[in-house]
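[1] Fold the following, please.
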Amino acid sequence: MRNQWPVLPIMAGLASGLLTGCGTENGASGSGGSAVVMGMSDDVLATDPASGYDPGSWLLFNNVFQSLLSFPNGGTEPVPELAESCAFSDTRTKVYKCKLKDGLKFSNGDSLTSEDVKFSFDRMLKINDDAGPAIMFPMLDKVETPDENTVVFRLNTPDATFPSKIASGAGSIVDHRQYDAGKLREDGEAVGSGPYKLDSFGDSEAVFSVNENYEGNADVKNSGVTLKFFHGDQDELKQALTDDKIDIAYRGLTASDISDIENAGTDAEVEVVDGTSAEVQHLVFNMDDPVTGKLGVRKAIAYLLDRDALMAQVYQGTATSLYSIIPAGIAGHNTAFFDTYGARPSKAKAAAALDAEGITGKVKLTLWSTPTRYGPSTDQELKAIAEQLNKSGLFDADVESVAYDQYEKDIAKGKYGVYVKGWVPDYPDADNFTAPFFGKGNVLSNNYTNSMITDTLIPRTAAQSDRSATDDDYARLQDTVAAELPVLPLWQAKQYAVVRDNVYGLEYCLDASTVFRFWEISKG
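    Now for the predicted structure:
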């Protein structure tokens, strides 16, 4: 939940344990800079970490709450945050033990102990909200608390990526005195132990102040943050930046806006800051649909897709063509779709694929989109894909765009044959680009099943503590998906923020961990 992708393999050495990392132990005490105002077009769908599983909500979680572990600036291997140390205590990666620091407190002054850690995970799994992160923890059997500073996670299946999962927003720890064990908090308030307190949350903005009780690695460089919500209105977001009503625009400016700012020269009062990203977007095919359920149709689309044209015409260089389900820069990535279907469109190969399926006339097809959830250029992108298909003379394609809530309901009911899905990773490992899409209870809702992937490759790669040893299995998985085509990768994003020229530190907020760190931002 981003130029090139310098993401390192993340799990090597985790079995030997994690010791307290560098950083200011009481980062909040270093605050004293100016307050910052940031705008974004994404909504924050939840303030309760048992519910939110979207980029906006995780931005809030990563600043208001703490996890046992966290990702350092530019790093993809988690280090202790609430914990003093964490390690697998067995060789099969099924028992994970963490020792908490002494004297931890929530922002309201309540003590934070192992009881709160257990409560947070038990609560998340019990509520099991459809829009929440419980789907990330099918391996978690139980949480034990031998004493107030010790937490033991017992897993029902080996999972070497477990430390990265609990370092994400899904591992946010809540105060057991302030949250109901069986239902979500819906008052728009939040009590955590992160670098910031949530002072208010409404339809137009959220206001954060520095948490003086914070104990962790962050060194806060401002006196607070106001987050303005623009609800998908990128024109209004751009105008607010131009009118000096906000200091930062994040997630929501169009590719043309970013390109215009980058080309404006040094006299501009705003500048573009870019960083790495592993955010991806795919076309998803409903395998039970009477049209897209035919492999020949899916192959024809894959042969006709011109990703590079989309990157130039729609995204103007703010994204790069993606040829596999695991993005470049993530260990295990290959180029299965490039190897199978090439980079240049081939009408001849597309026609042959349709002919092999017994299809002789034009294929009538609707591409389903949603206007803002997966970026402000999504509708334009799908219209460009439809034009590419129609230009071949083999398709009669159009585009329909639906508000996100209805879009998700229709996908769940199997109403769409082909639709778009974006993915901002929870943690930077190949597991997070495969298990959520092709594992049990996956998020695509496209009726694709492959027992080799689900029952063998995904469990085997998850159990491997030496992440470099998973490359062969991930190659096989990617090659299988390219051959069977339940999804068609489109692009990998670059991550951008646009800032006024007196704002600093954004380069530390835009990396492959997907953690946007309020505390790194300062204002002159």
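
[2] now the helices: where do they sit in the stretch 301-450 of the chain?
    Applying DSSP state H, counting those that start in this stretch to the stretch 301-450 of the chain gives helices spanning 307-313, 336-341, 347-356, 378-391, 404-412, 435-438.

[3] Tell me who's in contact with the residue lying closest to residue 177 once chain neighbours are set aside.
    In space, residue 177 comes closest to residue 110 once its chain neighbours are excluded; the distance is 5.8 Å by CB to CB, 6 or more residues apart in numbering. Using the backbone N, CA and C atoms, a C-beta is placed for each residue, glycine as well. The neighbourhood of residue 110, defined by CB atoms under 8 Å, 6 or more residues apart in numbering, consists of 175, 177, 178, 191.

[4] Where does pLDDT dip in the stretch 151-300 of the chain?
    By pLDDT under 70, the weakly predicted segments of the stretch 151-300 of the chain are 262, 264-268.

[5] And the residue nearest to residue 177, how far from residue 468?
    Remark: distance between residue 110 and residue 468 (CB to CB, to the nearest Å) = 42 Å.

[6] If I look at residue 33, what pLDDT would I see?
    Each residue has a pLDDT score; the one for residue 33 is 78.

[7] Same check on the one 5 residues further on?
    Reading off the confidence values, residue 38 has pLDDT 97.

[8] go on, residue 10?
    Note on residue 10: pLDDT of 27.

[9] correct me, but residue 522 touches residue 503?
    Yes: with contacts counted by CB atoms under 8 Å, residue 522 reaches residue 503, the gap being 7.4 Å.

[10] if you count what's nearby, which of the two comes out ahead?
    Set side by side, residue 522 and residue 503 show more neighbours around residue 503, with 24 against 17, by other CB atoms under 10 Å.

[11] Please list all residues in contact with the spatially closest residue to the more buried one that is not a sequence neighbour.
    Of all residues not flanking residue 503 in the chain, residue 247 sits nearest, at 4.9 Å (CB to CB, 6+ apart). Taking CB under 8 Å, 6+ apart, we find residue 247 in contact with 36, 37, 38, 499, 500, 502, 503, 523.

[12] ok, of the residues you listed, which come out buried?
    By neighbour count, with 16 or more other CB atoms under 10 Å, those hold 36, 37, 38, 499, 500, 503, 523 as buried.

[13] Out of these, flag the one nearest to residue 516.
    residue 38 (9.1 Å; CB to CB).

[14] ok so that closest one is a helix residue?
    No: under DSSP: H, G, I helix; E, B strand; the rest coil, residue 38 sits outside any helix and is assigned strand.

[15] Excluding chain neighbours, give the residue nearest to it in space.
    Nearest to residue 38 is residue 248, by CB to CB, 6+ apart, at 4.2 Å.

[16] Next, count neighbours for the one you found.
    24.

[17] The one 4 residues further on now?
    With neighbours defined by other CB under 10 Å, the count for residue 252 comes to 24.

[18] now swap in the one 5 residues further on and tell me
    The burial metric for residue 257, expressed as a neighbour count using other CB under 10 Å, is 22.

[19] quick one: which helix or strand includes the nearest residue to it once chain neighbours are set aside?
    In space, and not counting its chain neighbours, residue 257 is closest to residue 238: 5.4 Å by CB to CB, 6+ apart. Residue 238 belongs to helix 234-242 when assigned by DSSP states H and E.

[20] May I see the buried residues of that helix?
    For helix 234-242, the buried set under the neighbour-count rule, 16+ other CB under 10 Å, comprises 234, 236, 237, 238, 240, 241.

[21] Distance check, the last one against residue 213.
    Residue 241 is 33 Å from residue 213, where distance means CB to CB.

[22] what do you get for the fourth one?
    In this view, residue 238 and residue 213 are 37 Å apart by CB to CB.

[23] swap in the third one?
    From residue 237 over to residue 213 the distance is 33 Å, taken as CB to CB.

[24] hang on, the earlier thing: output the contacts of residue 247 as a markdown table; include the columns distance to residue 201.
    Formatted as a markdown table, the contacts of residue 247 follow (distance: CB to CB, whole Å):
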| residue | distance to residue 201 |
| --- | --- |
| 36 | 17 |
| 37 | 16 |
| 38 | 15 |
| 499 | 24 |
| 500 | 25 |
| 502 | 27 |
| 503 | 23 |
| 523 | 22 |
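
[25] Please compute how far stretch 96-109 lies from its chain's middle.
    26 Å (CA atoms, centre = their mean, to the nearest Å).

[26] for stretch 373-388, same thing?
    Offset of stretch 373-388 from its chain centre (CA atoms, centre = their mean): 20 Å.

[27] pLDDT of it, averaged?
    Computed over stretch 373-388, the mean pLDDT rounds to 93.

[28] Stretch 460-469 too?
    The pLDDT scores in stretch 460-469 average 91.

[29] first vs last residue of that stretch, how far apart are they?
    The first and final residues of stretch 460-469 sit 11 Å from each other (CA to CA, to the nearest Å).

[30] do the same with stretch 317-329
    In stretch 317-329, first residue to last residue: 18 Å (CA to CA).

[31] What residues of it count as buried?
    For stretch 317-329, the neighbour count (16+ other CB under 10 Å) marks 318, 319, 320, 321, 322, 323, 324, 325, 326, 327, 328, 329 as buried.

[32] Nearest to residue 472 among these?
    residue 326 (13.3 Å).

[33] Give me the below-cutoff pLDDT ranges for the stretch 1-150 of the chain.
    For the stretch 1-150 of the chain, applying pLDDT under 70 flags the ranges 1-32.

[34] ranges for the strands of it?
    Under the criterion DSSP state E, counting those that start in this stretch, strands of the stretch 1-150 of the chain are mapped to 18-19, 36-40, 69-70, 79-80, 83-88, 95-100, 140-147, 150-155.

[35] of all those strands, which lies closest to residue 411?
    strand 36-40 (24.7 Å).

[36] What separation do you get for the nearest residue to residue 70 once chain neighbours are set aside and residue 430?
    Leaving aside its chain neighbours, residue 70 sits nearest to residue 81 (3.9 Å; criterion: CB to CB, 6+ apart). For residue 81, the distance to residue 430 equals 24 Å [CB to CB].

[37] quick one: the nearest residue to residue 128 once chain neighbours are set aside and residue 165, what's the gap?
    Sequence neighbours aside, residue 134 is the residue nearest to residue 128 in space, at 4.7 Å (criterion: CB to CB, 6+ apart). The gap separating residue 134 from residue 165 is 11 Å, by CB to CB.

[38] Point out the most buried one among the helices of the stretch 301-450 of the chain.
    Burial of these is given as mean neighbour count (mean count of other CB atoms under 10 Å); helix 435-438 ranks first at a mean of 22.

[39] ok, the closest residue to residue 453 other than its chain neighbours - contacts?
    Among residues not flanking residue 453 along the chain, residue 438 sits closest, at 4.9 Å (CB to CB, 6+ apart). By CB under 8 Å, 6+ apart, residue 438 lies in contact with 448, 450, 453, 454, 458, 477, 481, 486.

[40] now the helices of the stretch 301-450 of the chain in CSV, with distance to residue 94?
    Shown next, in CSV, are those (distance: least, CB to CB, whole Å):
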stretch, distance to residue 94
helix 307-313, 41
helix 336-341, 31
helix 347-356, 45
helix 378-391, 41
helix 404-412, 33
helix 435-438, 17
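
[41] Out of the ones you listed, which is closest to residue 156?
    Closest to residue 156 of those, according to CB to CB: helix 435-438, at 15.0 Å.

[42] Sketch out the low-pLDDT regions of the stretch 401-524 of the chain for me.
    Checking the stretch 401-524 of the chain against pLDDT under 70 turns up nothing.

[43] again, only this time at 80
    Residue ranges of the stretch 401-524 of the chain with pLDDT under 80: 441, 512.

[44] quick one: the strands in it?
    Secondary structure of the stretch 401-524 of the chain (DSSP E, counting those that start in this stretch): strands at 418-423, 487-493, 495-500, 503-504, 522-523.

[45] packing partners for the fourth one?
    Spelled out, it's strand 503-504. Judged by 3 or more CB pairs under 8 Å, 6 or more residues apart in numbering; DSSP states H and E, strand 503-504 is in contact with strand 522-523.
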